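Visitor: got a sequence here, can you model it:
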Amino acid sequence: MERKSKYFLQALRIALGCCLSIWIAELLHLEYAISAGSITFLSVITTRWESLRIMGARIASYLVTAVLAGVIFHFVQSRWIAFGFFMFLLVLVIRALGWDSTLAVNVVIGTHFLANMDFGLGFILNELMLVLVGTAVGVFVNLFQNTSRIQKFIRQEIAVADRNMQEILRQIVKELTVPESSENVWKQLEELETHLQQCLAQAHEYRENHFAAHPEYYVGYFEMRIRQCVILRSLQNEIRRIRQFPEQARMVAEFIAYVGEHVLERNEPAAQMNRLERLFLQMKETPLPASREEFENRAILYHILMDLEEFLKMKKKFVDSLTEDQMERYWYING
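Guide: Next comes the predicted model:
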């Protein structure tokens, strides 16, 4: 239902924007006024920031298009050869300048020059006005987006992701304490990673459509969680290598359970990292292994602890990157 509503509103914005730009172009008595609607369409389907970024690029690339059209169409008599040569050079130049998003608009402008064979100042200004009207209306229409809806969705999905992460850690604890446990942690990790990737896409959309301060918070958060999932995959591989769980496995399991209790978004991992340091010291003080197999299994436990250390460092790095304003906005106010 949420996605249908989003598509409906997007379709409505596109339709209204295209109509508005054509109406303005006709008010200004511009030739090919309907093309202003096409240019608006290409602007509305981008995000707020993207539409602003490409506005300047479209004006600059229009000048390139006008020069290429004026030179090529004047000297090459055959229209189809002239247009092919024009397209060849236009694509090369536009891509070399990194203005790929302006290419479709410039092709439309090029067909106008070819159809009219008019390179006077009046027609050049006519085409420039089409670009300006179409792009400006697109930027204006893009302002009317319900970013609060996206933010609400993201906050809900953060809570879901945190609960899923807690559940995975609980299952890992069960594997360490009940070796015959058949919990499918791999499947849960795959599902969580897929969910986080989807959330990351939403976070990027929110950032690109939001002019308020610090919209990049959600992108950083989901990227951090995805990296933590990769670490949990490594940890899970280590567990699978243990042939017989030594006595110290319960200590590691208890620490993972402790981490799971505090893995939520608004938690600084300093306390967990301090406890991990104490656990490393505690492990060193235990009697030496009595057999080669026990030695190998305990070595794997050390690797698991190092994975957990990296897991916590990822969260610490994210927390350390936050400004006071971000902490205030996202940790202390939002519900």
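Visitor: now do residue 6, the pLDDT please.
Guide: pLDDT, residue 6: 67.
Visitor: quick one: low-confidence ranges for the stretch 201-335 of the chain?
Guide: 209-215, 289-290, 332-335 (pLDDT under 70).
Visitor: mind listing the helices for the stretch 101-250 of the chain?
Guide: Secondary structure of the stretch 101-250 of the chain (DSSP state H, counting those that start in this stretch): helices located at 103-116, 121-142, 147-177, 185-208, 217-241, 249-261.
Visitor: domain parsing for the chain?
Guide: 2-142, 147-331 (automatic domain parsing).
Visitor: turn those into CSV, including mean neighbour count.
Guide: No exception for glycine: its C-beta is placed from N, CA and C like everyone else's. Compiled in CSV, the domains of the chain are given as follows (neighbours: other C-beta atoms under 10 Å):
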stretch, mean neighbour count
domain 2-142, 17
domain 147-331, 16
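Visitor: with distance to residue 83 as added columns, please give the helices of the stretch 101-250 of the chain in TSV.
Guide: Putting the helices of the stretch 101-250 of the chain into TSV (distance: least, C-beta to C-beta, whole Å) gives the following:
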stretch	distance to residue 83
helix 103-116	6
helix 121-142	16
helix 147-177	42
helix 185-208	35
helix 217-241	42
helix 249-261	64
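Visitor: quick check: closest non-adjacent residue to residue 252.
Guide: residue 301 (5.5 Å; C-beta to C-beta, 6 or more residues apart in numbering).
Visitor: the one you found: what's it in contact with?
Guide: Residue 301 is in contact with 242, 246, 248, 249, 252, 283, counting by C-beta atoms under 8 Å, 6 or more residues apart in numbering.
Visitor: if I look at it, how far off is residue 11?
Guide: Residue 301 is 56 Å from residue 11, where distance means C-beta to C-beta, to the nearest Å.
Visitor: ok now do residue 104, which residues does it touch?
Guide: Residue 104 neighbours (C-beta under 8 Å, 6+ apart): residue 42.
Visitor: and it, what's its pLDDT?
Guide: 88.
Visitor: same deal with residue 146?
Guide: For residue 146, pLDDT reads 62.
Visitor: how close does the residue most central in space within the chain sit to residue 34?
Guide: Against the mean C-alpha coordinate of the chain, by C-alpha atoms, centre = their mean, the closest residue is residue 204 at 3.5 Å. Separation of residue 204 from residue 34 (C-beta to C-beta): 33 Å.
Visitor: do residue 324 as well
Guide: Residue 324 is 51 Å from residue 34, by C-beta to C-beta.
Visitor: roughly how far apart are the nearest residue to residue 169 once chain neighbours are set aside and residue 231?
Guide: Using C-beta to C-beta, 6+ apart and skipping residues adjacent in sequence, the residue nearest residue 169 is residue 260, 3.5 Å away. Distance, residue 260 to residue 231, by C-beta to C-beta: 14 Å.
Visitor: what does residue 110 give?
Guide: Taking C-beta to C-beta, one finds residue 110 at 52 Å from residue 231.
Visitor: now do residue 329
Guide: 28 Å.
Visitor: residue 224 touches residue 316, doesn't it?
Guide: No: using C-beta atoms under 8 Å, residue 224 makes no contact with residue 316, being 9.9 Å away.
Visitor: residue 265 sits in which helix or strand?
Guide: Remark: residue 265 resides in no helix or strand, with elements defined by DSSP states H and E.
Visitor: that concludes my questions; thank you for your assistance.
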